[in-house]
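K.L.:
I would like the atomic coordinates for the input below:
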Amino acid sequence: WTQPPTTARNGTKDGLEKTKLAMMRKVSFLQKKETTGNDDDAGYLDVMVSEVKHPPPQLSPMPKGLSTQQIIRRHIVGSIVQSERSYVDSLKRILVEYQKPLLEPEARILSDKKVRPIFYRLREILQCHSMFQIALASRVAEWDLSEKIGDLFVASFSKSMVLDVYSDYVNNFTNAMALIKKACISKPAFLEFLKKKQVSSPDRITLYGLMVKPIQRFPQFILLLQDMLKNTPRAHPDRLPLQLALTELETLAERLNEQKRVADQVAEIQQLARSIGDRQLSKLLNSDQRQLILCEVLIETVYGEKGQVLKSKERKVFLLNDTLICANINVKGPPDISSLVPIGPKYTVKWSAPLLQTQVVEVGQESFQSKDTGKRPNVANVPVFLGPPRLYQELEELQHDLYVVENITLLVGTLQGTYQNLNTTVGQDWCLALQRLIHIKDEQIQCANKCRLRLAVPGKPDKSGRPVSFMVVFNTPSPLSKISWVNRLHLAKIAKREENTPGWVFAEDDGKTRHPFWCPLLACRLPIFSSKTQDQKLETALHNPVQCALLAFSAASTSLPQGYLWVASGGDRNHGQVEIFSLNRSMPRMVKSIQMGAPVLCLDHVMEPCPTEEEGEGEAAVKSTARTGNTICVGLQDGNIHVYGTVDTSTQCLLTFSNPDSCPVLCLKHSASFLFAGLGNGKVSVYARKKGLWDPESCRLVTVGSGPIRTLLTLENAVWASCANHVTVIQGSSLHTQSFDAHPEPLVSVSHMVRAGGGVWMAFSEGSSIRLFHTETLEHLQEINISTRSTFLSPGNVRVTSLLICQGLLWVGTAQGIIVTLPVPKLEGIPKITGKGMTSLNAHCGPVDFLVVTSSTLSPDMLKRDSVCETADQANGGAGGGEGGERRNELSQESLSQPDCSSPQGEPTKAKGMLLQYRLRSTTQLPGKLLTAEPDQSPCDAPPETPEHSPEDGSIYELSEDPEVWVRGQTPAREGRGKDKVTSAAVFSGGRGFRRLGEETIAANGDPDESTLMVWQLPLTVSP
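P.N.:
Numbering: from 1, shown residues only. Next comes the predicted model:
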């Protein structure tokens, strides 16, 4: 089956050429208009489509006997048709109802020179989609015969014309909005014109609402095609064209988004520069080296001596690549304009500070240190209040009560007699329950700071010349915003280091400045293995993800992905070694070394299988008693496979077995039910699961070839195994095989395989080329020569030694120690190379032995706005001066013992007694009230049935295996937020030595033979 790809690449081009020829021959259904002679129209043929002879696309009635997937696909096609019709109507509406009247000489409101830039490229965009609508109508008419639409998108939107007109429109959008705003202020007739058009329209959409639609169009297409792909079976002829279409649309959308982002940032910096009275700062902002990383409206809060909110006001905070600026927001302009077009505010700079001297101060870090001087700077009499002030007093009270109860328990142990409910066991239970309440209170304090960004900002030195800093407290809109600010501040400082200025270069550098986060940042490098073992060769590494429940809120956004990094090496025939590094800090730290009886050749991390619903209760109970958790399989040169537990750093060996032929285990991969081991004799040994581990007795051998199995790759229910120049696909439990040649040269072996979306990239034992293959049809789709993508690589002398795909980048390690990255799509399409390659100026002295990605997802609890956090926001976040302090909720005054509002004459009474119990997974089954640190609800408080956040109770906490460590349980059902997934990622490379590539010379640092890890940190990513 090869016809669909040919159609997608060639056939549709023929259709497009025929359409162009028809246009040039003045076919009856096309009416060519007279050209206006404007430069804007150069290179484009203005075409008006006759809807009489070519009506809009429309699906025929649904035939009977369709499958569920066919019905869903028809509905999605209907959505595409309806969406495109609405979009084209919106474009026509802009041109007919707005541009045309404004250009009429009879009622001239604005000059042509002002009107045409506002609607720049809209006519060309309409022309592109009119042509697409003609083709769409033809395809929809025969939908029940072909059921293909992917190739139509490829042909219509892969042309440079589409990218050109949309790029011009996106780049001009900010300027167009500024022109509209200026015209509304200077020309009252124009403002009245826009008002009348909006009022007379049936949907009341403003001109801005119509003009923003081209920016939103391709993301809408992507969502529709993603739904279509999900409902397209693997053998369907439309599947590969749909994947290619997703690739084209994603590439186009990414480029337009990047251009829009750059244009918005440039406009934001220019607006800020125009508002600054300081000429020196204004000159710095106008410099080409100044880049905007992040800007957001935050609420600055000032506290009094007792923790009360004195005032709070909105500020616009700008994070540039070397400066942090805080500005007042002054929105000026007639109120009528804001409803028609966004009004850009004017700013007044309140303060600015060098980035490297600005520090984030978190809980327990009040005595922050100045990194430049090593001395603590003076804080200018700013009281430090973290969260509602009563929380700290209540924490001290609980700690005092715990101390008293511990002493009481000791005294009870000295009693001579025996008394009911008066023994050391009860006292110990009280102590443990109080410890739990202390932990809850500590979490509430942490929660109150989830939306609070505290910065130590350098001020003017005092009279003695000592540095003085002042504290600034901002409330962020959400915990996610707080994490983003801390992460960007952290990475912006890393970007200023010498090794990152610059850290990457393009093969074809156009000299334009780029966002510092556009490239991965070298966070650190460190030697691995002792000097005595430098004769060992680095073989492989993997990430063992482990969630750290006690990792602080902000530390999670600056540290490396949580877990451990296992690095394996091999020396002589009788010795191997694995070093384990902890990643729960900003710098990896070696915590354990494991000696092996043979060189370690491969590693594989195996997640513990989840019990299925079909399993009986008895079988599930047996499995629960024999749970092994996640494991790591280690393949050795002597043919043995060791299985280690990953619960902690004790790394207990749970199982050891050998393959029947005792051949070296060159690679390991697992699926849900099987472990696959690639052997040196051309066979793959397959092991089934047994009691959470692998059953050596179940070994089955699959012969792939006569040479060694160089690499394995797991794809859904199949495994790809490479032997020499061909790859064999082994299907699931049946072990049926299908082979194809990956390289024309028989002596060249497939050495590496990585998968992304619907494609697999392969590298080879010789040569500098990498190849892309489709995962379903096994068709060769693209070939890239790495040596042409970097000026530091000599053609003909390059060999690829490692491959990795991470966050839209294909990382390629070479035998020269140089690392090259190439951009690839991130979605379910085909991972074709879509842009320029980058070369890292930080390289190894020897081959890049491995590239491995470490990633972890932040706990949803970190992004959740708990009741205390919401209360703190309400207390501190309201604009309007000191009113925020007066509107604080009673939760800020919460306590274990509080006056009861229901008591007569308001007389204070003690809170109801609390049942202190322990050794329960949840307090929901306890008699009486829930175990909680919240005050009793009383009539004067909010009614319990209110839909707002209710007080957090102890039922959402569970006890971990360690009695000293408490972790959160599952999120309550009432929590509707927190679905955003925040991922932290870093890339590790391993090789000999470290060197810095320069323009003329190559500077080496340290011992060139020392095994070295380099760590690239990536920005946090957010996905739904």
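K.L.:
so residue 285 touches residue 272, yeah?
P.N.:
Yes - in this structure residue 285 lies within contact range of residue 272 using C-beta atoms under 8 Å: 6.2 Å. Bear in mind the C-beta positions are built from the backbone N, C-alpha and C, glycine included.
K.L.:
what pairs with the spatially closest residue to residue 678 that is not a sequence neighbour across the strands?
P.N.:
Among residues not flanking residue 678 along the chain, residue 709 sits closest, at 3.1 Å (C-beta to C-beta, 6 or more residues apart in numbering). Beta-bridge partners recorded for residue 709 (DSSP bridges): residue 723.
K.L.:
residue 709 and residue 790: what is the separation?
P.N.:
The gap separating residue 709 from residue 790 is 30 Å, by C-beta to C-beta, to the nearest Å.
K.L.:
neighbour count for those two, which is higher?
P.N.:
Neighbour totals were compared for residue 709 and residue 790, and residue 709 leads with 30 against 24 (other C-beta atoms under 10 Å).
K.L.:
any idea how far residue 663 is from the more buried one?
P.N.:
Taken as C-beta to C-beta, the span from residue 709 to residue 663 is 9 Å.
K.L.:
what is in contact with the two at once?
P.N.:
679, 680, 683 (C-beta atoms under 8 Å, 6 or more residues apart in numbering).
K.L.:
longest single helix anywhere in this structure?
P.N.:
In the chain, taking DSSP state H as the definition, the longest helix is helix 239-274.
K.L.:
mean confidence (pLDDT) on it, please.
P.N.:
For helix 239-274, the mean pLDDT works out to 87.
K.L.:
stretch 131-142 too?
P.N.:
Per-residue scores along stretch 131-142 average to 91.
K.L.:
from the shared contacts of residue 709 and residue 663, which is closest to residue 731?
P.N.:
residue 683 (16.7 Å; C-beta to C-beta).
K.L.:
quick one: residues contacting that closest one.
P.N.:
661, 663, 701, 702, 703, 704, 709.
K.L.:
and the helices in the stretch 151-300 of the chain?
P.N.:
Shown for the stretch 151-300 of the chain, the helices assigned by DSSP state H, counting those that start in this stretch span residues 160-186, 188-200, 207-211, 213-230, 239-274, 279-285.
K.L.:
show me the one of the ones you listed that comes nearest residue 821.
P.N.:
Among the helices of the stretch 151-300 of the chain, helix 239-274 comes nearest to residue 821, with 15.2 Å by C-beta to C-beta.
K.L.:
can you mark which positions in that closest one are buried?
P.N.:
239-256, 259-260, 262-263, 265, 267-269, 272-273 (16 or more other C-beta atoms under 10 Å).
K.L.:
run a quick neighbour tally on residue 449.
P.N.:
If you count neighbours by other C-beta under 10 Å, residue 449 ends up with 22.
K.L.:
and the pLDDT for it?
P.N.:
For residue 449, the pLDDT comes out at 74.
K.L.:
over to residue 201?
P.N.:
88.
K.L.:
so how far is residue 210 from it?
P.N.:
Per C-beta to C-beta, residue 201 is found 9 Å from residue 210.
K.L.:
neighbour count for these two, which is higher?
P.N.:
Between residue 201 and residue 210, counted using other C-beta under 10 Å, the more crowded position is residue 210 (19 against 14).
K.L.:
tell me the contacts of that one?
P.N.:
Taking C-beta under 8 Å, 6+ apart, one finds 90, 93, 94, 98 in contact with residue 210.
K.L.:
from residue 87, how far off is the closest residue to the second one other than its chain neighbours?
P.N.:
Taking C-beta to C-beta, 6+ apart, and ignoring the residues beside it in sequence, residue 93 has residue 210 as its nearest neighbour in space, at 6.3 Å. The gap separating residue 210 from residue 87 is 10 Å, by C-beta to C-beta.
K.L.:
swap in residue 638?
P.N.:
According to C-beta to C-beta, residue 638 and residue 87 sit 64 Å apart.
K.L.:
what about the strands in the stretch 301-450 of the chain?
P.N.:
Here the stretch 301-450 of the chain has its strands, by DSSP state E, counting those that start in this stretch, at 309-320, 323-330, 346-354, 359-360, 378-379.
K.L.:
could you tell me the least trusted of those strands?
P.N.:
In terms of average pLDDT, strand 378-379 trails the rest of the strands of the stretch 301-450 of the chain, at a mean of 47.
K.L.:
off-centre distance for stretch 794-807?
P.N.:
Centre-to-centre, stretch 794-807 and its host chain are 25 Å apart (C-alpha atoms, centre = their mean, to the nearest Å).
K.L.:
span of it from start to end?
P.N.:
End-to-end distance of stretch 794-807 (C-alpha to C-alpha, to the nearest Å): 28 Å.
K.L.:
only the buried residues of it, if you could.
P.N.:
Buried-residue list, stretch 794-807, by 16+ other C-beta under 10 Å: 798, 799, 800, 801, 802, 803, 804, 805, 806.
K.L.:
residue 519: which of those is nearest?
P.N.:
Of all the buried residues of stretch 794-807, residue 806 has the smallest distance to residue 519: 13.1 Å, by C-beta to C-beta.
K.L.:
check the gap between the closest one and residue 565 for me.
P.N.:
Residue 806 is 15 Å from residue 565, by C-beta to C-beta.
K.L.:
likewise for residue 89?
P.N.:
With distances taken as C-beta to C-beta, residue 89 is found 55 Å from residue 565.
K.L.:
so between those two, which is more surrounded?
P.N.:
Between residue 89 and residue 565, counted using other C-beta under 10 Å, residue 565 has the larger neighbour count: 25 against 10.
K.L.:
check contacts around the more buried one.
P.N.:
By C-beta under 8 Å, 6+ apart, residue 565 lies in contact with 541, 542, 543, 544, 580, 581, 583, 588, 852, 854, 988.
K.L.:
the same query, at a cut-off of 10 Å, please.
P.N.:
Residues near residue 565 by C-beta atoms under 10 Å, 6 or more residues apart in numbering: 528, 541-544, 579-583, 588, 590, 852, 854, 986, 988, 990, 1013, 1015.
K.L.:
now do residue 173
P.N.:
Shown in contact with residue 173 (C-beta under 10 Å, 6+ apart): 120, 121, 211, 212, 214, 215, 259, 260, 263, 264, 267.
K.L.:
what's the closest of the residues you listed to residue 645?
P.N.:
Nearest to residue 645 among the contacts of residue 173: residue 260, at 49.1 Å, using C-beta to C-beta.
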